[in-house]
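**Student:** no letters, just coordinates:
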């Protein structure tokens with residue numbers, strides 16, 4: 001636990017505490033009365049209620065729509081499955097500002113729905129909810145589907161042989177086994193929607209605002225650091241309470257599962273029901289995920305002769321010190337470094353949390369690992385600038401600062417993806433290896449690693465995808481001569497003119513293609529079944 005504890009203490013707790021202290025403390029001491037003043041504001045209470053309500057509804061709606069997709073990807077085998085899996089994951093790595101812009105073009109004034117049927121959703125909360133489902137669909141499909149594909153289907157078949165109906169067998173055998181993965185997916189979706197910024201900022205307008213939007217407004221527009229600090233503390237406490245409940249629920253449901261090779265559980269669809277389910281999932285993916293992406297591509301091609309793409313090679317836009325096209329290589333380098341950091345730190349933490357004889361302090365760290373997803377990215381970004389400015393932690397001019405910020409968001413995905421599978425490994429296998437003389441390192445290498453290799457690859461893919469699309473903290477620390485793709489897109493969208501807008505859509509399209517190729521390569525790697533379960 002030493003590595004993960006040190007990492008989060010230095011690069012998360014210290015910067016967050018620094019920015020909160022800057023807002024609530026001055027030469028006269030702490031001004032804790034400010035907390036009561038902020039909570040007494042009816043506007044703040046309304047923001048807190050809307051933040052919680054929309055996060056709960058978004059989570060429930062995402063689970064309802066995505067769980068059938070998790071079953072299809074886990075249990076059914078059909079042509080183009082690997083390509084479709086990569087397509088499903090692409091929305092998750094898009095910057096939230098791009099997601100909001102895509103849905104605005106789809107369902108806003110003059111959008112596709114407005115032109116065809118006269119339907120506008122940009123003035124309602126439905127646009128925000130659907131955009132959240134679009135963004136988080138892959139979280140449920142990959143987190144739940146990754147474990148579902150490894151569950152032995154013979155257990156459910158045995159229950160049916162003993163007289164249980166198909167729904168009863170699924171409810172009593174499969175659902176309890178999937179509960180930890182479903183809980184983990186629900187937790188990640190809730191945290192992402194609870195801290196939603198770009199989507200609500202664009203689609204909510206002045207009517208809807210989350211805590212994250214209000215923190216940004218108080219920090220960047222009003223420059224009221226005391227109110228922003230109080231809102232950050234509220235967000236911190238709320239997320240901490242959710243994580244505590246989640247950890248308690250997961251511990252009550254921990255069981256040892258029989259995991260099998262995922263390639264042995266997927267079969268061609270059989271019967272009208274499975275074919276209908278496959279068709280329904282494909283239709284959902286086409287309408288909810290592919291259509292908004294198609295809108296982005298269409299907007300990038302509005303200018304004749306690929307003018308928007310040609311403009312990316314020029315450094316005369318007045319936005320960056322380098323041509324925007326260089327943001328692609330910079331983003332890939334940063335994402336690769338962030339993935340290595342996230343996998344190492346997250347893998348160590350997940351391994352330590354797997355021990356069933358771990359103390360209460362270690363189990364509590366399970367919840368703390370998720371806090372970077374629930375704390376304002378604005379706070380983390382400003383905290384980096386304020387806290388990491390003196391030796392030996394003067395990193396403001398170092399390139400590693402951006403991967404560190406990206407890895408903070410990637411580590412929770414590594415932990416949440418690997419932990420259900422690690423906890424499902426039968427401890428008797430480890431004990432038998434130890435009795436036969438294997439060292440702890442050899443036990444991990446020859447017992448745990450072959451069983452969790454699939455989860456490790458999924459975790460690495462998630463960390464890479466999250467790093468590519470991270471925007472909230474990176475926007476404050478990325479230098480003008482080294483912009484990431486999300487930062488480049490956001491800054492181009494923030495400048496007037498059709499040329500800048502076209503370049504933003506072109507970069508968004510390139511980001512989609514890069515992510516799709518990277519994720520497709522990952523899917524190819526996952527088909528290597530040597531020692532993989």
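**Tutor:** Sure, I can see it. Predicted, not measured: the structure shown is a model, and the values here were computed from it.

**Student:** can you give me phi and psi for residue 480?
**Tutor:** Residue 480 adopts backbone torsions of phi -60, psi -30, taken as degrees, to the nearest 10.

**Student:** that one and residue 326 touch, don't they?
**Tutor:** No - taking CB atoms under 8 Å as the definition, residue 480 is not a contact partner of residue 326, at 11.5 Å. Every C-beta, even on glycine, is put in place using the N, C-alpha and C of the backbone.

**Student:** quick one: which of these two has more around it?
**Tutor:** Taking neighbours as other CB atoms under 10 Å, residue 480 and residue 326 compare with residue 326 leading, 18 against 11.

**Student:** what pLDDT does that one get?
**Tutor:** At residue 326 the predicted local distance difference test score is 85.

**Student:** equivalent analysis for the one 5 residues further on, please.
**Tutor:** Looking at residue 331, its pLDDT is 88.

**Student:** where does it sit, in terms of helix or strand?
**Tutor:** With secondary structure defined by DSSP states H and E, residue 331 is part of helix 326-354.

**Student:** what of residue 72?
**Tutor:** helix 42-75.

**Student:** buried residues in that helix?
**Tutor:** Neighbour counts using 16 or more other CB atoms under 10 Å place 44, 47-48, 50-52, 54-55, 58-59, 61-63, 65-75 of helix 42-75 among the buried residues.

**Student:** repeat that for stretch 462-469.
**Tutor:** Neighbour-count burial for stretch 462-469, with 16+ other CB under 10 Å as criterion, is recorded at 462-469.

**Student:** and the next element down the chain from the helix holding residue 72?
**Tutor:** Using DSSP H and E, the helix or strand that follows helix 42-75 in sequence is helix 81-93.

**Student:** from the chain's centre, how far out does that next one sit?
**Tutor:** In terms of CA atoms, centre = their mean, to the nearest Å, the centre of helix 81-93 is found 14 Å from the chain centre.

**Student:** helix or strand for the residue sitting nearest the centre point of the chain, which one?
**Tutor:** In the chain, the C-alpha closest to the average C-alpha coordinate belongs to residue 466, at a distance of 5.9 Å (CA atoms, centre = their mean). Applying DSSP H and E as the criterion places residue 466 in helix 449-469.

**Student:** just residue 410 next, same as before
**Tutor:** With elements taken from DSSP H and E, the one containing residue 410 is helix 401-424.

**Student:** check the offset of that helix from the chain's centre.
**Tutor:** Going by CA atoms, centre = their mean, where helix 401-424 is centred and where its chain is centred differ by 10 Å.

**Student:** any idea of the mean pLDDT for it?
**Tutor:** Mean predicted lDDT for helix 401-424 stands at 85.

**Student:** buried residues in it?
**Tutor:** By 16+ other CB under 10 Å, the buried positions in helix 401-424 come out as 401-424.

**Student:** can you pull the contacts of residue 368?
**Tutor:** 8, 243 (CB atoms under 8 Å, 6 or more residues apart in numbering).

**Student:** pLDDT below threshold where in this structure?
**Tutor:** Applying pLDDT under 70 to the chain flags the ranges 26-28, 109-111, 123, 246-264, 315-320, 356-364, 367, 374, 519-533.

**Student:** now the strands: where do they sit in it?
**Tutor:** If DSSP state E is used as the criterion, the strands of the chain fall at 25-26, 29-30.

**Student:** most tightly surrounded among these?
**Tutor:** Comparing these on average neighbours per residue, with mean count of other CB atoms under 10 Å, the densest one is strand 25-26 at a mean of 12.

**Student:** tally of neighbours for residue 200?
**Tutor:** The tally of other residues near residue 200 (other CB under 10 Å) stands at 27.

**Student:** what's the answer for the one 3 residues further on, then?
**Tutor:** The burial count assigned to residue 203 is 29, neighbours taken as other CB under 10 Å.

**Student:** from residue 271, how far out is it?
**Tutor:** Relative to residue 271, residue 203 is positioned 40 Å away (criterion: CB to CB, to the nearest Å).

**Student:** ditto for residue 99
**Tutor:** Counting by CB to CB, the gap between residue 99 and residue 271 amounts to 36 Å.

**Student:** who has more neighbours out of those two?
**Tutor:** residue 99 (26 against 8).

**Student:** doesn't residue 136 make contact with the more buried one?
**Tutor:** No - the pair residue 99 and residue 136 fails to qualify as a contact (CB under 8 Å) at a distance of 10.4 Å.

**Student:** give the residues shared as contacts by the two.
**Tutor:** Between them, residue 99 and residue 136 have no joint contacts when contacts are counted by CB under 8 Å, 6+ apart.

**Student:** thought residue 240 was touching residue 370?
**Tutor:** No - in this structure, residue 240 sits apart from residue 370 without contact. The criterion is CB under 8 Å, and the distance is 9.2 Å.

**Student:** these two: who's more crowded?
**Tutor:** In this view residue 240 and residue 370 are compared by other CB under 10 Å, and residue 370 has more residues nearby, 24 against 16.

**Student:** OK, contacts around that one?
**Tutor:** Counted by CB under 8 Å, 6+ apart, residue 370 has contacts 187, 191, 239, 243, 412, 415-416.

**Student:** list just the nearest of those residues to residue 29.
**Tutor:** Using CB to CB, residue 239 is the member of these that sits closest to residue 29, with 27.6 Å.

**Student:** how many neighbouring residues does that closest one have?
**Tutor:** By the criterion of other CB under 10 Å, residue 239 has 22 neighbours.

**Student:** what does stretch 48-58 contact?
**Tutor:** By CB under 8 Å, 6+ apart, the surrounding residues in contact with stretch 48-58 are 125, 128-129, 132-133, 136, 189-190, 193-194, 196, 208-212, 234, 238.

**Student:** ok, back up a step: in CSV, list the contacts of residue 370 along with distance to residue 80.
**Tutor:** Below are those laid out as CSV (distance: CB to CB, whole Å):
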residue, distance to residue 80
187, 31
191, 32
239, 38
243, 38
412, 31
415, 31
416, 28
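
**Student:** need the contact list for residue 88.
**Tutor:** Each residue near residue 88 by CB under 8 Å, 6+ apart is listed here: 69, 73, 137-138, 141, 285, 289.

**Student:** of those residues, which belong to helices?
**Tutor:** Secondary structure defined by DSSP state H assigns 69, 73, 137-138, 141 of the contacts of residue 88 to helices.

**Student:** those residues: which two are farthest apart?
**Tutor:** That would be 73 and 137, which, of the ones in helices among the contacts of residue 88, are the farthest apart (CB to CB) at 11.2 Å.
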